[in-house]
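> this is a predicted model, with the sequence first.
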Amino acid sequence: MQDGRPPTREGTQTTRYLDAWPTRRLMGLPLYLWRLGLGPVAGRVWMVVTTTGRSSGLPRHVLVYPHRVGDHTYLWCPYGGRSQWFRNLTADPVATVQHRGDTRVVRAEPLADADEAMKVVGALRKFARSWFASYLASQGLRDDDEDLRTHWRRLHLRRLDPATGPGPEPLRADRAWLWALPAAAALSGRPLLRRRRIAGRPAA
């Protein structure tokens, strides 16, 4: 730890994805599958969080694993403060989330106190102990209850509370029509195949 101060450069292994173009493209693949109409499959586990770009003002979509603790749902950003979606939520906490067939508008609020934070920490330790420990190390923190209680505000956690009013535009299945192309190609090829079979038969 650096006397309670965050490290000068956030992240080691937990934030390298931000600097690796192939990894960033790979992480965007599930979102493209969602746009192809496969949201019901991906949405069983992952949550699509749509934020408002703090510079562009446009909807920005990301897949995040939601953590249910008690009566609340929490988001953990394992990549720290360099993550664009977390920075967007910090600038504007209103977001649209899609999960298990449900679409709703929420406010991503900071946690209330150390007690709430430690409940989420317990869930994260069960979810991915080594990954969470790696994240803590990247923030200059120890995987120690006393240390985390002291510096709980430095954890990149948000609680999703219900919100009224409009939110950013949710992710649409705007590429689902692409499935019609191979189907149309297959159907158009059937008459041609049938004519070839008929032409190849010997005359009676």
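Now that the structure is in, tell me what you want to look at.
> my guess is His156 contacts Gly80. True?
Yes - His156 is within contact range of Gly80, at 6.0 Å (criterion: C-beta atoms under 8 Å). C-beta here means a position set from N, CA and C on the backbone, and glycine is covered the same way.
> joint contacts of these two?
Phe86 (C-beta atoms under 8 Å, 6 or more residues apart in numbering).
> tell me the mean pLDDT over the one helix or strand Arg129 maps to?
For Arg129, the element it lies in under DSSP states H and E is helix 114-138. For helix 114-138, mean pLDDT is 95.
> which residues in the protein form helices?
Per DSSP state H, the chain carries helices over the ranges 21-27, 29-33, 39-42, 84-91, 114-138, 145-150, 180-199.
> which elements pack onto the fifth one?
Where contact means 3 or more C-beta pairs under 8 Å, 6 or more residues apart in numbering; DSSP states H and E, helix 114-138 is packed against strand 66-69, strand 72-76, helix 145-150, strand 157-162.
> tell me the helices and strands packed up against the second one.
Packing contacts for strand 72-76, counted by 3+ C-beta pairs under 8 Å, 6+ apart, involve strand 66-69, helix 114-138, strand 157-162.
> now distance to Gly57 and mean neighbour count too, for those, in CSV please.
Shown next, in CSV, are these (distance: least, C-beta to C-beta, whole Å; neighbours: other C-beta atoms under 10 Å):
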stretch, distance to Gly57, mean neighbour count
strand 66-69, 25, 14
helix 114-138, 30, 16
strand 157-162, 21, 18
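> quick one: these as a markdown table, columns for distance to Asp147 too.
Shown next, in a markdown table, are those (distance: least, C-beta to C-beta, whole Å):
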| stretch | distance to Asp147 |
| --- | --- |
| strand 66-69 | 20 |
| helix 114-138 | 9 |
| strand 157-162 | 16 |
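> and of the ones you listed, who's closest to Leu89?
Closest approach to Leu89 among the helices and strands packed on strand 72-76 (C-beta to C-beta): strand 157-162, 6.1 Å.
> before we move on, the earlier item: nearest to Leu31, out of the helices and strands packed on strand 72-76?
Of all the helices and strands packed on strand 72-76, it is strand 66-69 that lies closest to Leu31, at 15.8 Å by C-beta to C-beta.
> list the pairing partners of that closest one within its sheet, with orientation.
Applying DSSP bridges to the sheet, strand 66-69 is found paired with strand 72-76 (antiparallel).
> can I get the strand it pairs with in CSV, CA atoms only?
C-alpha atoms of strand 72-76 as CSV (Å, rounded to 0.1, in the frame of the first residue of the first chain):
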residue,chain,number,x,y,z
HIS,A,72,-29.5,-5.5,-4.3
THR,A,73,-27.6,-6.0,-7.5
TYR,A,74,-24.0,-4.7,-7.7
LEU,A,75,-21.5,-4.1,-10.5
TRP,A,76,-17.8,-4.6,-9.9
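> quick check: which of the helices and strands packed on strand 72-76 is nearest to Arg87?
strand 157-162 (11.9 Å).
> good, we can wrap up now.
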